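**Q** Sharing a model that was predicted from the sequence below.
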Amino acid sequence: MLRLLLKIALLTAATAAFSQDVVDRMVAVVNKQVILQSELEDAVHIDSLLQGKPQNQVTEREMDAVLERMIDQLLVQQQIADNSLLEPKSDEIISRIQEVRSSIPGADAEEKWQSMLAAYGLTEQDVEKHIAKQLRVLSFVDLRFRVLARSDRAAISQYYRDTLLPELRKKGVPAPPLEQVSDKIQRILTERQINDLLGSWLQTLRLQAHIEKLNSGAAAAVPGADR
């Protein structure tokens with residue numbers, strides 16, 4: 001009887017392991033680092049939540065885009081030698097979550113927020129992990145590229161003349177003097193340069209990396225998705 005029970009237990013464990021493997025399969029491998037179906041699903045759910053978009057309206061193309069962002073994020077994370085140096089403080093995470101909640105109608109109320117999380121199959125910890133990962137990557141990108149992003153006086157004047165003034169004229173808003181908005185323009189130009197530098201760097205990382213997508217229709221397997 002003991003031997004029979006042992007066989008049943010082993011069979012049950014094996015069946016459970018097989019089931020889990022089928023459900024939580026690999027959708028991509030980036031330099032030998034795996035992205036799982038469950039991780040893709042969580043990312044899609046969080047993305048939908050933050051955009052206030054029902055899960056049943058997420059298309060396969062949008063889910064593929066989420067997977068591409070996850071690959072980019074993983075490529076950046078692989079360049080971080082020591083995560084502990086970029087670990088966000090708890091108050092930074094809380095502040096960012098509060099910003100996120102304030103941008104979602106009704107999410108300021110705790111009961112409504114918890115209801116939203118449940119509807120998207122998420123927990124507070126899922127959102128906190130997502131925000132923490134974002135903050136680590138942003139800190140690394142800022143450290144790497146901000147020193148390289150410079151805007152001279154000529155670039156600031158050109159943006160003021162060719163971009164800001166026409167926009168203000170369209171809105172019928174009086175134009176402030178250049179000196180009053182030069183710092184703001186410089187921040188805008190700096191962020192643009194950082195984005196450009198990051199984009200070029202990511203292209204290089206992708207060319208050097210071994211990236212394998214194991215399921216071209218990975219997004220289609222996410223529950224509630226339109227195809």
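**A** Thanks, I have it.

**Q** From now on I want contacts and neighbour counts done on CA atoms only, so please keep to that.
**A** Will do.

**Q** Pull out the buried residues from the strand or helix carrying K184.
**A** Using DSSP states H and E, K184 sits within helix 178-208. Residues of helix 178-208 classed as buried by neighbour count (16 or more other Cα atoms under 10 Å): S182, I185, Q186, L189, T190, E191, Q193, I194, L197, L198, L202.

**Q** Which SSE is immediately downstream of it?
**A** Next along the chain after helix 178-208, taking DSSP H and E as the criterion, comes strand 211-213.

**Q** Lowest-scoring secondary structure element of this structure by mean pLDDT?
**A** Ranked by mean pLDDT, DSSP states H and E, the weakest helix or strand in the chain is helix 2-23, scoring a mean of 40.

**Q** Touching the very next helix or strand once past it from outside, list them.
**A** Downstream of helix 2-23, the next assigned helix or strand under DSSP H and E is strand 26-30. Residues from elsewhere that reach strand 26-30, judged by Cα atoms under 8 Å, 6 or more residues apart in numbering: 34-37, 71, 74-75, 209-215, 218.

**Q** which other helices and strands contact whatever helix or strand comes next after strand 26-30?
**A** The helix or strand immediately downstream of strand 26-30 is strand 33-36, counting by DSSP H and E. Strand 33-36 sits against strand 26-30, with contacts defined as 3 or more Cα pairs under 8 Å, 6 or more residues apart in numbering; DSSP states H and E.

**Q** now the strand it packs on and helix 178-208, what's the angle there?
**A** Interaxial angle, strand 26-30 versus helix 178-208 (axes from the mean of the first three to the mean of the last three Cα atoms, to 10 degrees): 100 degrees.

**Q** Strand 26-30: partners in the sheet, and parallel or antiparallel?
**A** Its sheet considered, strand 26-30 pairs with strand 33-36 (antiparallel), strand 211-213 (antiparallel) by DSSP bridges.

**Q** Skipping its backbone neighbours, what lies nearest I131 in space?
**A** Excluding the flanking residues, the one nearest I131 by Cα to Cα, 6 or more residues apart in numbering is I93, at 6.4 Å.

**Q** Tell me how many other residues surround the one you found.
**A** 20 (other Cα atoms under 10 Å).

**Q** My guess is it contacts V127. True?
**A** No: assessed by Cα atoms under 8 Å, I93 is found out of contact with V127, at 9.6 Å.

**Q** Find residues that contact each of these two.
**A** With Cα under 8 Å, 6+ apart, I93 and V127 have no common neighbours.

**Q** got the buried residues for the helix or strand hosting Q125?
**A** Per DSSP H and E, Q125 falls inside helix 124-145. Within helix 124-145, the residues scored as buried using 16+ other Cα under 10 Å are V127, E128, H130, I131, A132, K133, L135, R136, V137, F140, V141, F145.
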